[in-house]
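Engineer: when you get a sec, could you give me coordinates for this:
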Amino acid sequence: MTATEQNFAVSEQAQSFLSRDVHHLFIDGQRVPAVSGKTLTTTTPSTGELLARFAAGGEADVDRAVIAARKAFKGPWSTWTPYERQGLLTRIAQVLDERFEELIQIEALDMGAPISRLRNSKPALMKMLTFFAGQATNISGETLMNGIPGNVATMTLKAPVGVIGGIIPWNGPLGGQFWIIGAVLASGCTTVLKPSEEAFLSVLRVAEILHEAGVPAGVVNVVTGLGRDAGSALAAHPDVDRIAFTGSTETGRRIIEASTTNIKKLQLELGGKSADIICADADLDKAVPGAAMGVFGNSGQVCYAGTRVLVQRSIVDEFTKRLLDFMETQRVGHSLDDAATMGPVISQPQLDTVLS
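Structural biologist: From the prediction side, this is the model:
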């Protein structure tokens with residue numbers, strides 16, 4: 001691998017957003033400070049320099065965000081037809097297409113992913129939004145005639161769940177937030193998002209852009225802060241109907257425990273240990289780069305990263321040589337370097353974690 005270090009500029013739009021004195025919470029369509037007035041700081045992984053100061057949200061902030069989300073859920077948003085929600089999602093896709101470069105520059109500086117990798121993620125995001133736009137008009141119940149003895153029909157009608165709490169990981173917040181937002185907008189729910197304190201700026205920016213694109217106030221809210229403060233409060237809040245969480249198994253267990261306050265519906269994507277299996281008849285021209293980037297893609301910061309490579313004994317030597325040759329072609333650099341294929345990890349690992 002080779003490494004580079006240079007200075008890189010960002011667009012005027014991205015710079016205008018990043019240069020704010022404090023990045024406030026986004027609640028009920030407005031930027032508001034934390035009730036406590038406290039703030040935290042975050043650095044850019046590429047250089048370790050201060051990137052932004054942001055509101056340290058807590059229980060009181062989560063509460064007012066949930067109140068705003070509940071109000072929006074019961075308000076005019078509840079009267080939107082499936083076709084109106086579909087039109088909104090289509091419009092959002094168009095706006096994000098136009099603002100994509102600004103968003104990936106913010107994401108690259110905040111999270112550390114190479115700009116080239118983020119740029120290549122655009123088709124997936126557009127497909128995701130197209131999928132959810134289609135789902136908006138494809139949500140239906142069913143009728144079962146004579147389902148029980150007698151002349152009786154059984155009918156199911158699907159309705160929006162209510163307020164969704166979304167706890168988003170740091171390893172890809174720009175795209176990851178739309179697995180929650182897309183479903184929320186398609187179904188007529190509302191949401192309070194709690195992004196990681198490690199990477200959250202693209203989530204705040206997207207919330208503002210969505211509001212500008214026509215998402216009603218209170219439908220999408222963002223509370224930044226530490227997990228033990230804002231995240232725990234969101235998981236336990238009695239007026240949150242569902243929690244969607246991606247992260248560690250340990251935190252997932254705590255969310256399950258917190259859900260008992262009102263028996264929340266849960267959607268948990270937790271960590272694992274994945275393997276690539278390379279058989280002797282594999283096409284090594286494809287298997288080698290596939291296995292390598294299965295480990296090193298996103299600098300290895302993926303819950304399903306192929307961190308074990310199981311190779312059939314007869315091709316171990318050839319596979320290993322090719323793998324080493326491939327890794328020599330990779331370029332480690334600043335996240336805004338178009339030539340970089342790998343960026344930094346998001347934070348300095350703790351020594352006791354590395355040695356354990």
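
Engineer: name the SS class of Glu198, please.
Structural biologist: Secondary structure, DSSP: H, G, I helix; E, B strand; the rest coil: Glu198 is coil.

Engineer: looks like it contacts Gly172 (just checking).
Structural biologist: No. Judged on C-beta atoms under 8 Å, Glu198 makes no contact with Gly172 at a distance of 11.7 Å. Using the backbone N, CA and C atoms, a C-beta is placed for each residue, glycine as well.

Engineer: wait, what's in contact with Ile277?
Structural biologist: If you count contacts by C-beta atoms under 8 Å, 6 or more residues apart in numbering, Ile277 has them with Leu310.

Engineer: for it, give the beta-bridge partners.
Structural biologist: Bridge pairing for Ile277 (DSSP bridges) gives the partners Leu310.

Engineer: can you check the pLDDT for it?
Structural biologist: pLDDT recorded at Ile277 is 95.

Engineer: of Glu198 and Gly172, which one has the most company?
Structural biologist: For Glu198 versus Gly172, neighbours defined as other C-beta atoms under 10 Å are more numerous around Gly172 (22 against 18).

Engineer: got the domain ranges for the chain?
Structural biologist: What automatic domain parsing lists as the domains of the chain is 15-137+159-270, 275-343.

Engineer: give me the distance from the last one to the chain's centre.
Structural biologist: Which is domain 275-343. 24 Å (C-alpha atoms, centre = their mean, to the nearest Å).

Engineer: now swap in stretch 37-46 and tell me
Structural biologist: That offset, for stretch 37-46, works out to 19 Å (C-alpha atoms, centre = their mean).

Engineer: helices of this protein, start to end?
Structural biologist: Counting by DSSP state H, the segments of the chain that form helices are 12-18, 59-74, 82-111, 115-120, 122-136, 173-176, 178-187, 201-213, 232-236, 249-258, 284-296, 316-328, 351-355.

Engineer: which elements pack onto the fifth one?
Structural biologist: This points to helix 122-136. Under the contact criterion of 3 or more C-beta pairs under 8 Å, 6 or more residues apart in numbering; DSSP states H and E, helix 122-136 touches helix 82-111, helix 173-176, helix 178-187.

Engineer: so what's the residue positioned nearest the centre of the chain up against?
Structural biologist: Centrality entry for the chain: nearest residue to the mean C-alpha point is Gly176, 2.4 Å, by C-alpha atoms, centre = their mean. Counting by C-beta under 8 Å, 6+ apart, Gly176 touches Ile168, Pro169, Thr246.
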